[in-house]
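sequence? don't have it. structure:
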């Protein structure tokens, strides 16, 4: 299940504020990055999917799609995160995770964002400490793996 909030470039800040604590995933298709979006995306582990050529200044390494059909297929593959997850840690429909032992784990928003990017995300080394803290405090059977500038869950 996904809640989709469409926003024209001048509506992005308002739409962003309606997603608590922040959007779980961002999809875009504009040739020019709306003002302030790079800063909003850059401080959180948020998977970004882009249809067409990404605009200059878009942080990280977005998943690029030639058209909307290709994007839909990529997003459909994310269903596995709710069904099998990583090491049995599954995304819940709204917020939170389900641990392999059946516990519902809340308050791990950074882990949720990284889990939503199976190939990992470009994140600076200082972001790993916050993620490691969430993993340790929650008792989830996950660990971080860094390959170059990409951080992923295993």
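All right, it came through fine. None of these values were measured; they are calculated from a predicted model. Numbering: from 1, shown residues only.

secondary structure class for residue 40?
Under DSSP: H, G, I helix; E, B strand; the rest coil, residue 40 falls in the helix class.

any idea how far residue 64 is from the nearest residue to it once chain neighbours are set aside?
Distance criterion Cβ to Cβ, 6 or more residues apart in numbering; nearest residue to residue 40, sequence neighbours excluded, is residue 16 at 5.8 Å. To be clear about C-beta, it is placed using only N, CA and C from the backbone, and glycine gets the same treatment. Look at residue 16 and residue 64: by Cβ to Cβ, to the nearest Å, they are 22 Å apart.

please apply the same query to residue 58.
Taking Cβ to Cβ, one finds residue 58 at 10 Å from residue 64.

same question for residue 151.
Taken as Cβ to Cβ, the span from residue 151 to residue 64 is 20 Å.

which one's more surrounded, the two?
Legend: neighbour count by other Cβ atoms under 10 Å for residue 151 and residue 64, higher for residue 151 (21 against 15).

what does the strand or helix carrying residue 110 rub up against?
Using DSSP states H and E, residue 110 maps to helix 109-115. The contact list for helix 109-115, computed with Cβ atoms under 8 Å, 6 or more residues apart in numbering, reads 21-22, 24, 44-47, 81, 85-86, 89, 91, 95-97, 120-121, 123, 127, 130-131, 134-135, 138, 140, 142, 151-153.

the helix ranked longest in the chain: which residues count as buried?
In the chain, taking DSSP state H as the definition, the longest helix is helix 125-138. For helix 125-138, a neighbour-count test (16 or more other Cβ atoms under 10 Å) marks 127, 131, 134, 135, 138 as buried.

same check, this time on stretch 6-16
12, 16.

same question for stretch 44-63.
Here stretch 44-63 shows 44-51, 54-55, 58-60, 62-63 as buried, counting by 16+ other Cβ under 10 Å.

same question, stretch 147-154
Neighbour count says stretch 147-154 has 151, 152, 153 buried, by 16+ other Cβ under 10 Å.

tell me the one of those residues nearest residue 37?
For those, the closest approach to residue 37 (Cβ to Cβ) belongs to residue 151, at 21.1 Å.
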